[in-house]
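> kindly return the folded structure for what I paste below:
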Amino acid sequence: MLVMGILNLTPDSFADGGRYNSLETALNHARAMIAEGVDILDIGGESTRPGADRVSADEELARVIPVISALADDGVPISIDTMRASTAKAAIDAGAQMINDVSGGLADSQMLKVAAQSKLPYIAMHWRGASKDMNSRAVYGDVVHDVIGELQERIFAALDAGISQESLIIDPGLGFAKEAEHNWSIIDHIDEFVGLGYRVLVGGSRKRFLGAGTPDEREAATVALTKRLSTSGIWGVRVHSVKPHKDVLHP
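Numbering: from 1, shown residues only. Now for the predicted structure:
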């Protein structure tokens, strides 16, 4: 199971907003994760925390491209965390080798086309709408059935756009338009997502459903979740720290 390390280049991300939003601090943190054995660096310039406003395309590019360019030759694959096709394309030109789109192609009609043309891995997450009001969308009949059904729609759209099955990775979107009980139901039935036949990424790192306290105080619960998922057959976990997760995966 792979460990994808999060590098948020934003002032307002829920777990580490503002810590790494200068070039120097971002590169230092990225290289610390590389030293700890991170498998993929996921670099994003737009917060998707509940209630967040979108930033402009120019601002997103100004945040991510210098960091990707500086890290492109450091030997670890870089994923661009974006909902914009133009940002994905610029990031690929700068050295990114994967696209992580939390909207699954719904936020930008050109994203699936760009992903298909790139022939790079594309992560499609379950998404019901923008961060600004996503909490109001957390209404399900059967959350596992509903999320799988909506993810399958994105799978079909991705395949129709020319993205290969081998390139497609799916993410059930823990915390996105989901209450705590929804997240735990998905985790309890993660085998059903694996059973769809695609690589599965899980991103639950430090999110509120893991317990009370600050995001940093939920790190131990995040590591426990990684341990729980280690035998589930998923492809990877997306996390804020690297070493504790590597340690629990390779004791």
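> all the helices of the stretch 51-200 of the chain, residue numbers only.
For the stretch 51-200 of the chain, the helices defined by DSSP state H, counting those that start in this stretch occupy 57-71, 85-94, 111-118, 143-161, 180-188, 190-194.
> what's the closest of those helices to residue 126?
helix 143-161 (5.1 Å; C-beta to C-beta). In short, each C-beta sits where N, CA and C put it, glycine included.
> check which residues of that closest one are buried.
Burial within helix 143-161, assessed by neighbour count using 16 or more other C-beta atoms under 10 Å, is assigned to 143, 144, 147, 148, 150, 151, 154, 155, 158, 161.
> check contacts around the nearest residue in space to residue 171 that is not next to it in sequence.
Closest residue in space to residue 171, ignoring its immediate chain neighbours: residue 125 at 4.0 Å, by C-beta to C-beta, 6 or more residues apart in numbering. Listed by C-beta atoms under 8 Å, 6 or more residues apart in numbering, the contact set of residue 125 reads 100, 101, 102, 103, 104, 170, 171, 172, 173, 176, 203.
> roughly how far does residue 125 sit from residue 105?
Distance from residue 125 to residue 105, counting by C-beta to C-beta, to the nearest Å: 10 Å.
> mean confidence for stretch 163-181?
Across stretch 163-181, pLDDT averages out at 97.
> now find how far off-centre that stretch is within its chain.
Per C-alpha atoms, centre = their mean, to the nearest Å, the displacement of stretch 163-181 from the mean C-alpha position of its chain is 8 Å.
> buried stuff in it?
Within stretch 163-181, the residues that count as buried by 16+ other C-beta under 10 Å are 163, 167-179.
> and those residues, which two are the farthest apart?
167 and 179 (31.8 Å).
> low-confidence ranges in the protein?
Scanning the chain for pLDDT under 70 picks out 12-21, 51-52.
> go again with 90.
Low-confidence segments of the chain (pLDDT under 90): 10-25, 47-55, 73, 75, 129-137, 212-216, 251.
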